[in-house]
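A.B. asks: Just to be clear, the model below is a prediction. Sequence and coordinates:
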Amino acid sequence: MTKQSLVMKDDIPVAVVSPEAISEAFPHLSYPPPHSPMAGPSYLKCKKHARRLDLATAGRGNSWIESMIILSPTHVKSSSSSQAGCSSMSAADNVEDYDSWVKTHPSALSNFEDVMATAKGKQVVMFLDYDGTLSPIVLDPDCAFMSDEMREAVREVASHFPTAIVSGRCTEKVASFVKLSELYYAGSHGLDIKGPEEGAYHSKVKVYKSLREIVKIIPGSRVENNKFCLSVHFRCVEEKKWSLLADLVKLVIMDYPKLKLSYGRKVLEIRPNIKWDKGKALEFLLESLGFDGHNNVFPLYIGDDCTDEDAFKVLCDREQGFGIIVSKIAKETKASFSLREPAEVLKFLHCLVEWRQLSEEGKGVKELRGVQLNMQ
Ligand SMILES: O=P(O)(O)OC[C@H]1O[C@H](O[C@H]2O[C@H](CO)[C@@H](O)[C@H](O)[C@H]2O)[C@H](O)[C@@H](O)[C@@H]1O
């Protein structure tokens, strides 16, 4: 892994790799996970066997639709958002097993002390997913704005810790939402900092055109071009048409073995069929930032979607730092802690900044003021 560098793109620093380095680097993508035994309560250990569903290999039937309904229930609440036409979406609160699930994935806010106990004296590196983590899930992907308050919180966090946004969106788009030049951005599920094979990129352009034709047939669907990845959204599609849409999308990518299909929150994701995901992006960023191989580094990754599981798994395997899942419902996950929604992410970021300031003053986490830690 050499030749990665930081460049300025529209005044935004982005980690990139030269094309030669991409082909050079791909054979060496798997990192041996270093082991640093971690003491602590049993729930701090990672969950094995997190689910990973790949539609391209999922076989017949659309059982994934059932999984998706469970993971991202359709439950629309009217929004207080000032952005016209953009309603907030919220997962159902009344999922029976949430209470037992949260015992094994405790709130990162109520247990802030536990989260940060092993971070003392270490370099915290913050990784943040965008949709559903920093911004609420809304109907229109172009309207998934983050609040000024959240932006300020992220800015504050970034002034204390190296901070990266890891998103399924293309780097330019997520950066235009976040609007903070001091952050690192890993777009297209991390492909923007790494780059795909050229062949796969050209296929993607053809597939994009075909998908645009398909979504004309299914009312409410839309295709989003995330540069190295494509997203087919069906949040606004009638549920009875989801299978048809999925079948049509599968049909389109069938002839492109260099592309694979997976899913997120009411979205089908088409991306290069290479071993590259948010977990690899996290490792790549740690290495690019000079933090790889250091036991005194404490990465925190906050995310809400299936694609964030790859990053949670990396932290789990490395037994380093923690994954924090943003969810109001019980989900199988490799994250150790949880937060219910972006509003709790905001509080957690405030806590982190205050924790840092208190550590600098030589005070303990118990003295955290100004932020309500007990969320129950
Ligand atoms: O990795 P992320 O930053 O979480 O990006 C994943 C996908 O997020 C966006 O779609 C999701 O959020 C939309 C806006 O709230 C929502 O309408 C959609 O149903 C969600 O799936 C984004 O539009 C996709 O391109 C990203 O891949």
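C.D. replies: Here it is on my side, so go on.
A.B. asks: drop to CA atoms for contacts and neighbour counts, all remaining ones
C.D. replies: Fine.
A.B. asks: closest point of the stretch 201-350 of the chain to the ligand, which residue?
C.D. replies: In the stretch 201-350 of the chain, the residue that lies nearest the ligand is residue 265 (4.0 Å; C-alpha to the nearest ligand atom).
A.B. asks: neighbours around that residue, how many?
C.D. replies: 21 (other C-alpha atoms under 10 Å).
A.B. asks: Correct me if wrong: it contacts residue 308.
C.D. replies: No - judged on C-alpha atoms under 8 Å, residue 265 makes no contact with residue 308 at a distance of 11.7 Å.
A.B. asks: Which pLDDT does the model give residue 340?
C.D. replies: Residue 340 is assigned a pLDDT of 97 by the prediction.
A.B. asks: can you start the count at 512 instead of 1 from here on
C.D. replies: New numbering, starting at 512: the last item is residue 851.
A.B. asks: any idea how far it lies from residue 619?
C.D. replies: 10 Å (C-alpha to C-alpha, to the nearest Å).
A.B. asks: out of the two, which sits in the busier spot?
C.D. replies: Higher neighbour count among residue 851 and residue 619: residue 619, with 26 against 20, using other C-alpha under 10 Å.
A.B. asks: how about the residues of the chain that lie near the ligand?
C.D. replies: Proximity of the chain to the ligand, by C-alpha under 6 Å from any ligand atom, involves residues 640-643, 647-652, 655, 678-680, 735, 742, 744, 746, 775-778.
A.B. asks: In PyMOL, how would I select just the buried ones from those?
C.D. replies: Buried subset of the residues of the chain next to the ligand, written as a PyMOL selection, criterion 16 or more other C-alpha atoms under 10 Å:
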select buried, resi 640+641+642+643+647+648+649+650+655+678+679+680+735+742+744+746+775+776+777+778
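A.B. asks: From the residues of the chain next to the ligand, which land in strands?
C.D. replies: Using DSSP state E, 735, 742, 744, 775, 778 are the members of the residues of the chain next to the ligand that sit in strands.
A.B. asks: mean confidence for the host helix or strand of residue 758?
C.D. replies: Assigned by DSSP states H and E, residue 758 belongs to helix 753-764. Average pLDDT, helix 753-764: 94.
A.B. asks: Low-confidence stretches in the protein?
C.D. replies: Along the chain, segments meeting pLDDT under 70 span 512-607, 705-714, 874-887.
A.B. asks: Just read off the phi/psi values of residue 686.
C.D. replies: With angles defined as degrees, to the nearest 10, residue 686 sits at phi -70, psi -30.
A.B. asks: just checking, it touches residue 696?
C.D. replies: Yes - here residue 686 lies in contact with residue 696, judged by C-alpha under 8 Å, at a distance of 7.1 Å.
A.B. asks: more crowded one of those two?
C.D. replies: Per other C-alpha under 10 Å, whichever of residue 686 and residue 696 has more neighbours is residue 696, with 31 against 23.
A.B. asks: Check for me that that one belongs to a strand.
C.D. replies: Yes - membership of residue 696 in a strand is supported by DSSP: H, G, I helix; E, B strand; the rest coil.
A.B. asks: Mind listing the residues bridging to it?
C.D. replies: residue 676 (DSSP bridges).
A.B. asks: I'd say it and residue 681 touch.
C.D. replies: No - look at residue 696 against residue 681 with C-alpha under 8 Å: they stay out of range, at 9.2 Å.
A.B. asks: re the thing from before, so which bits of the helix holding residue 758 are buried?
C.D. replies: In helix 753-764, counting by 16+ other C-alpha under 10 Å, buried: 753, 756, 757, 759, 760, 761, 763, 764.
A.B. asks: end to end, how far does stretch 770-787 reach?
C.D. replies: Stretch 770-787: ends 12 Å apart by C-alpha to C-alpha.
A.B. asks: Give me the buried positions along it.
C.D. replies: Buried, per 16+ other C-alpha under 10 Å, within stretch 770-787: 770-784, 787.
A.B. asks: check contacts around residue 779.
C.D. replies: The contact partners of residue 779, by C-alpha atoms under 8 Å, 6 or more residues apart in numbering, come to 742, 743, 744, 757, 772, 773.
A.B. asks: how about a cut-off of 7 Å?
C.D. replies: In this structure, residue 779 makes contact with 742, 743, 744, 772, 773, judged by C-alpha atoms under 7 Å, 6 or more residues apart in numbering.
A.B. asks: Also residue 788?
C.D. replies: Taking C-alpha under 7 Å, 6+ apart, one finds 700, 701, 821 in contact with residue 788.
A.B. asks: Let me see the backbone angles for it.
C.D. replies: Dihedral angles (degrees, to the nearest 10) for residue 788: phi -150, psi -170.
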